[in-house]
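Peer 1: Please work out how this folds:
(chains A and B, ligands or ions: 2)
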Amino acid sequence: MRPFTYEKATSAQDAAAKAAAMPGARFIAGGTNLLDLMKLEIETPSHLIDVNGLGLDRIEEIDGGGLRIGALVRNTDLAADQRVRKDYAVLTRALVAGASGQLRNKATTAGNLLQRTRCPYFYDTNMPCNKRKPGSGCAALGGFSRQLGVIGTSDACIATHPSDMAVAMRVLDASVETIRPDGTTRAIPIAEFHTLPGETPHIETALEKGEMIISVALPRPRGGTHIYRKVRDRASYAFALVSVAAVIQRDGKGAVALGGVAPKPWRVEEAEALLPQGPKAVADRLFAGARPREDNAFKLTLAQRTIASVMAEAKA
Amino acid sequence: MKFDKPAGTNPIDRMAVVGRPTPRIDGPLKVSGKAPYAYEQQDVPGKPAYGYILGSAVAKGTISAIDTTRAERAPGVLSVVTHRNAGKLGKGRMNTAHLLAGPKVEHYHQAVAVVVAETFEQARAAASLINVDYARESGAFDLAAARAGAKDATGSDAPTSVGDFAGAFASAGVQLDQTYTTPDQSHAMMEPHATIAAWEGDSLTIWTSNQMINWGVKELAATLQMPPEKVRLISPYIGGGFGGKLFLRTDAVMAALSARAVKRPVKVALQRPLIPNNTTHRPATIQRIRIGCGSDGRITAIGHESWSGDLEGGGPEAATQQTKLLYAGANRMTALRLAVLDLPEGNAMRAPGEAPGLMALEVAMDEMAEKLGMDPVAFRVVNDTQVDPEDPSRPFSQRNLVRCLEEGARRFGWNRRKAPGQGREGRWLVGMGVAAAFRNNINGKSGARVRLDRAGGVTVETDMTDIGTGTYTIIAQTAAEMLGVPLAKVTVKLGDSAFPVSAGSGGQWGANSSTSGVYAACVKLRDMVVGKLGFGPGDAQFEGGQVRVGNRVADIADAAKGGELVAEDTMEYGDLAKTFQQSTFGAHFVEAAVDRYTGETRIRRMLAVCAAGRILNPISARSQVIGAMTMGVGGALMEELAVDKRFGFFVNHDLAGYEVPVHMDIPHQDVVFLDEADDKVSPMKAKGVGELGLCGVGAAVANAVYNATGIRVREYPLTLDKYLDRLGEVA
Ligand SMILES: Cc1cc2nc3c(=O)[nH]c(=O)nc-3n(C[C@H](O)[C@H](O)[C@H](O)COP(=O)(O)OP(=O)(O)OC[C@H]3O[C@@H](n4cnc5c(N)ncnc54)[C@H](O)[C@@H]3O)c2cc1C
Ligand code: SF4
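Peer 2: Ligands and ions are numbered 1, 2, ... in the order given. As a prediction, the model looks like this:
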């Protein structure tokens, strides 16, 4: 770990302004991802701005319907919230499928959205990795890529985004609300929040320099059956090989987003129109143009079968 | 004392303490955090500095330049030790690669330097400031590709052949010829390899985590080129080893070198991401099995070949071991073939040989039973043998495999097993599988010292280790039984090279061997007690804290009135192990469910029935078998060190990438021990059990998955990607 300085922000705008002014500054929330990466010198911030204690840890109802989740709400608290359990159950299910109880007690909404990939080569600083060290190459291409992405990837990077929570938020059409160093705020639709790697896999979100997440807004509840199905090699405490978040209505229409397959929660709205035609039609549309590797091509089959499982469960 | 003829009746047979379910005597220390592990030892002279190891960034090549100046100038840094300033180092007999690289690099993450600093964080930060230039060389990293160039193993691993295997196989009415693979595996023990080293003049003390104290002393002395008498090794508590701590590893060497460099104690723990590539692992295998049978189900030919790889000078994974002994059959062959690979060094991991060997053999047996249209339990029963099939003049000392299988089948409800692919519960495909468990019993020479004090207290000292297995407790039970005192009167001191040399912990030899050593010392102490009490010769009874010969009775404490009595002895073995084949047996039953959509396998129920001689402590024996069954599930379903065949290393080298079972993976587990006592193995009449519990589990899981799905997977681990496309359409 490199030496760093530390301060507590006094307000969200103060945090954003400081982050923009100080080169090498980073926000720290629960620290469950950032600190691990700092110990391995994958992240090397020179200054940490602590955004805990700014009153951003509340869940509030939005006038006219919907929920506003503070950026610092812990994953445990978000999953347990009665309103979330009742109206956005897919989110609770996704959250409790992630990490462990201890980690969820620390992990925050914003931190979860911004957690970094679990590509094993990203974690080994002896290896080339365009995401960790732009321009160094990608060791995962031609290497062990069983966990990695099959769609939305590029020749520079095939990593996935590992969050479960974000997949549920994508299916719920959440928007990420931020504040910029100049004090202006904006709402970024979750669909546009995470970016695809292209030539620049080190850029992972639409956030600008210093921009800080203050909350995530969920639109009015839409009813339906909420399912989160996470497939993995062991029964818990593992990242998804494939996950499916779905909200399916009585008439068979619905929304579906996938985790474990792409650099961002993967949802293709046109594919949802094909739900009445069955899982194959949906999967074919979702994965049109997929570029799997030899050892992760199974994810295409797995995704289709998991969608089938979710559709069967929704019907039952 | 020498054990060279079958044991008669002896004081252990009373089983007033031995054999009783006894909670571990070190339990309160462990749950209250008072049992210090290597890194936490406080008896160190002076405040230790911290060492942090830098591992090689390449798998093979040479260090062309190494610049430590920035690291040396970093805050808190006291020294940086590399091959350039470490002095001349030897190599232990049991290490294949060197424990400090340079200029040659023999494998990925081989130690290149250790940074010593005032704090752990300073040492770690400075380690990243070391600049190493490597001249990388290409290497052999792919077992399948190296298979063709593999050579027959030699010595006790050399090929075996009895009768005419080729002819008998060719003419067999029913034949099976299949190939199975098992991956590289990591021990993944909880406690990392860790050492504190301190020098006093030219004497070295290390507090470390090592299964084999005496090996450790000799190997460290050989590496540092110093007399073994000058090395003291202390390892009283070990947070798991599974074979990964049988040998001297770099934490001990680097701590010793650092402590010498900075002239104060130094502590070094291997960081988790370094462990899989820096230390040893269980090597991958490719195994070909051929079985020929008559239509009566009797095996006429059985052949087992296994290919594995290791660094130059290393050894094979002895996966054919059990096939020499497990089933009858007049015509047989085995062969171990070893390829040279430049991956990290392979070596023993829990039940080396049998664990991966049975993962193949017991699936082959399942496949053969199906070809024959026989029940897999019945097929194994028909092919039982009571003699060594390679040398029928050698009977087994005791062999109750058939009872294990039949008892297990009855308890598990085996008769409810359906045809492959027929068990359905909602979205789950459900099936049952069975496999035989087999592991040889090994006895090792083992010494102990027993002291009797004035208050009638007994202290046992031996360099035996407790790797979490429960050794403290069974040794206390043995001494209490032999001397007729309550368990609470016995103190056990382990894991110190100042104590008599024991067999150590490994190969499931520890429990029987170490307690036999304690038995020998207690026999000697009993004679001393009787002598001190002035009782004439006769059959002395030690019971209830008293000694009785004929009608003379005295408190045992009276014998030590004039001063502590000390007896030391070593148990050695004659050739009973040559006359009789000594092995342990069991049967594993597994019920597994496979999600018909996603292919996820979840275990539902497991049962192990074990025949392993006298069970010294049913509580700790059971927990050994439960742990082993859990490890077996990991091996069957998820554990695999993924090899990067370009860079030559294990990619998933931390506990996020190398998955082992979590609580949710482990369902209801049951263990049954047959009531046995084997008088041919030792006066304790006990055998090993800690590895038996793992042997066959993987195959039982694989067979259950087959029974559930009708799909046979022959490459471990059975991850869903290997059979998803064969699982049948889902709407
Ligand atoms: C062992 C382990 C297993 C895990 N398993 C899973 C799993 O199965 N599924 C899953 O989804 N996740 C899993 N996780 C990841 C976990 O969910 C994340 O570590 C956690 O959500 C991160 O939240 P945090 O608050 O601790 O973030 P931090 O570590 O504090 O921060 C993460 C990033 O977010 C930035 N940041 C934080 N707050 C803000 C803000 N308000 N505005 C802008 N930037 C901000 C930080 O600068 C940093 O870059 C696992 C983690 C571990 C360690
Ligand atoms: S896939 Fe992405 S994260 Fe992984 S090594 Fe390649 S560039 Fe790095």
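Peer 1: The one residue in chain B that gets nearest to ligand 1 and ligand 2: what is the separation?
Peer 2: Closest approach of chain B to ligand 1 (C-beta to the nearest ligand atom) occurs at residue B:656, with a separation of 5.8 Å. In this view, the C-beta of every residue, glycine as well, is placed from N, C-alpha and C. Per C-beta to the nearest ligand atom, to the nearest Å, residue B:656 is found 14 Å from ligand 2.
Peer 1: thought that residue was touching residue A:118?
Peer 2: Yes. Proximity of residue B:656 to residue A:118 meets the contact threshold set by C-beta atoms under 8 Å, at 6.8 Å.
Peer 1: Are there residues contacting both of those two? Which ones?
Peer 2: Shared contacts of residue B:656 and residue A:118 (C-beta atoms under 8 Å, 6 or more residues apart in numbering or on different chains): residue A:239.
Peer 1: give me phi/psi at the residue of chain B closest to ligand 1?
Peer 2: phi -80, psi -40 (degrees, to the nearest 10).
Peer 1: got the contact list for it?
Peer 2: Residues touching residue B:656, when contacts are defined by C-beta under 8 Å, 6+ apart, comprise A:118, A:239.
Peer 1: pLDDT at it, what is it?
Peer 2: With respect to pLDDT, residue B:656 scores 93.
Peer 1: now residue B:731
Peer 2: 69.
Peer 1: Over to residue B:704?
Peer 2: The per-residue confidence score, pLDDT, reads 98 for residue B:704.
Peer 1: Next: the one 10 residues further on.
Peer 2: Per-residue pLDDT puts residue B:714 at 98.
Peer 1: Not counting sequence-adjacent ones, nearest residue to residue B:570?
Peer 2: In space, residue B:570 comes closest to residue B:447 once its chain neighbours are excluded; the distance is 3.7 Å by C-beta to C-beta, 6 or more residues apart in numbering or on different chains.
Peer 1: any idea where the helices of the stretch 101-250 of chain A begin and end?
Peer 2: Secondary structure of the stretch 101-250 of chain A (DSSP state H, counting those that start in this stretch): helices located at A:101-106, A:109-113, A:165-171, A:190-193.
Peer 1: most tightly surrounded among those helices?
Peer 2: Mean neighbour counts were compared across the helices of the stretch 101-250 of chain A using mean count of other C-beta atoms under 10 Å in any protein chain shown; the top stretch is helix A:165-171, at a mean of 29.
Peer 1: what about it, average pLDDT?
Peer 2: Mean pLDDT, taken over the full extent of helix A:165-171, equals 98.
Peer 1: what's the spacing between it and its chain's center?
Peer 2: Chain-centre distance of helix A:165-171: 7 Å, with C-alpha atoms, centre = their mean, to the nearest Å.
Peer 1: What is that helix packed up against?
Peer 2: With contacts taken as 3 or more C-beta pairs under 8 Å, 6 or more residues apart in numbering or on different chains; DSSP states H and E, helix A:165-171 sits against helix A:89-96, helix A:109-113, helix A:190-193, strand A:242-248, strand A:254-259.
Peer 1: contacting residues around it?
Peer 2: So helix A:165-171 is contacted by A:75, A:78, A:88, A:90-91, A:93-95, A:98, A:109, A:112-113, A:190-191, A:194, A:216, A:218, A:228, A:243, A:245-247, A:255-259, A:264-265, A:267 (C-beta under 8 Å, 6+ apart).
Peer 1: Could I have the buried ones of these as ChimeraX selection syntax?
Peer 2: Burial among the contacts of helix A:165-171 is assessed by 16 or more other C-beta atoms under 10 Å in any protein chain shown; the matching ChimeraX selection reads:
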select /A:75,78,88,90,91,93,94,95,98,109,112,113,190,194,216,218,228,243,245,246,247,255,256,257,258,259,264,265,267
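Peer 1: Quick one: list the elements packing against the top helix by length along chain A.
Peer 2: When chain A is parsed with DSSP state H, its longest helix is helix A:298-315. Identification of packing neighbours for helix A:298-315 by 3+ C-beta pairs under 8 Å, 6+ apart yields strand A:225-231, strand A:242-248, strand A:254-259, helix A:279-286.
Peer 1: Put together TSV for these, with mean pLDDT on each row.
Peer 2: Putting the helices and strands packed on helix A:298-315 into TSV (pLDDT from 0 to 100) gives the following:
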stretch	mean pLDDT
strand A:225-231	98
strand A:242-248	98
strand A:254-259	98
helix A:279-286	98
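Peer 1: quick one: which of these is nearest chain B?
Peer 2: Judged by C-beta to the nearest C-beta, the one of these that comes nearest to chain B is strand A:225-231, at 4.7 Å.
Peer 1: do the closest one and ligand 1 meet at all?
Peer 2: No. With C-beta under 6 Å from any ligand atom as the threshold, strand A:225-231 lies outside contact range of ligand 1, at a closest distance of 7.8 Å.
Peer 1: Can you show me the CA trace of that strand as CSV?
Peer 2: Provided in CSV are the C-alpha atoms of strand A:225-231 (Å, rounded to 0.1, in the frame of the first residue of the first chain):
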residue,chain,number,x,y,z
THR,A,225,-43.0,-11.1,-9.9
HIS,A,226,-39.5,-10.2,-8.8
ILE,A,227,-36.8,-12.8,-9.3
TYR,A,228,-33.0,-12.8,-8.9
ARG,A,229,-31.3,-16.0,-9.9
LYS,A,230,-27.6,-16.1,-9.4
VAL,A,231,-25.7,-19.2,-10.8
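Peer 1: Parallel or antiparallel, list what pairs with it.
Peer 2: In the sheet, strand A:225-231 lines up against strand A:242-248 (antiparallel) (DSSP bridges).
Peer 1: who's in contact with the partner strand?
Peer 2: Among residues not part of strand A:242-248, those counted as contacts by C-beta under 8 Å, 6+ apart are A:90, A:94, A:97, A:164, A:167-168, A:170-172, A:222, A:224-231, A:254-261, A:265, A:275, A:299, A:302-303, A:306-307, A:309-311, A:314.
Peer 1: One more pass at 6 Å, please.
Peer 2: A:90, A:94, A:167-168, A:171, A:224-231, A:254-260, A:299, A:302-303, A:306-307, A:310, A:314 (C-beta atoms under 6 Å, 6 or more residues apart in numbering or on different chains).
Peer 1: Distance from it to the middle of the chain?
Peer 2: Distance of strand A:242-248 from the chain centroid (C-alpha atoms, centre = their mean) equals 14 Å.
Peer 1: what about residue 204, neighbour count?
Peer 2: Reading this off chain A. Counted with other C-beta atoms under 10 Å in any protein chain shown, the neighbours of residue A:204 add up to 22.
Peer 1: try again with chain B
Peer 2: 23.
Peer 1: That one - that's part of a strand, no?
Peer 2: Yes. Read with DSSP: H, G, I helix; E, B strand; the rest coil, residue B:204 is one of the residues of a strand.
Peer 1: For it, which non-adjacent residue is closest in space?
Peer 2: Distances taken as C-beta to C-beta, 6+ apart put residue B:231 closest to residue B:204, at 5.2 Å, once the chain neighbours are dropped.
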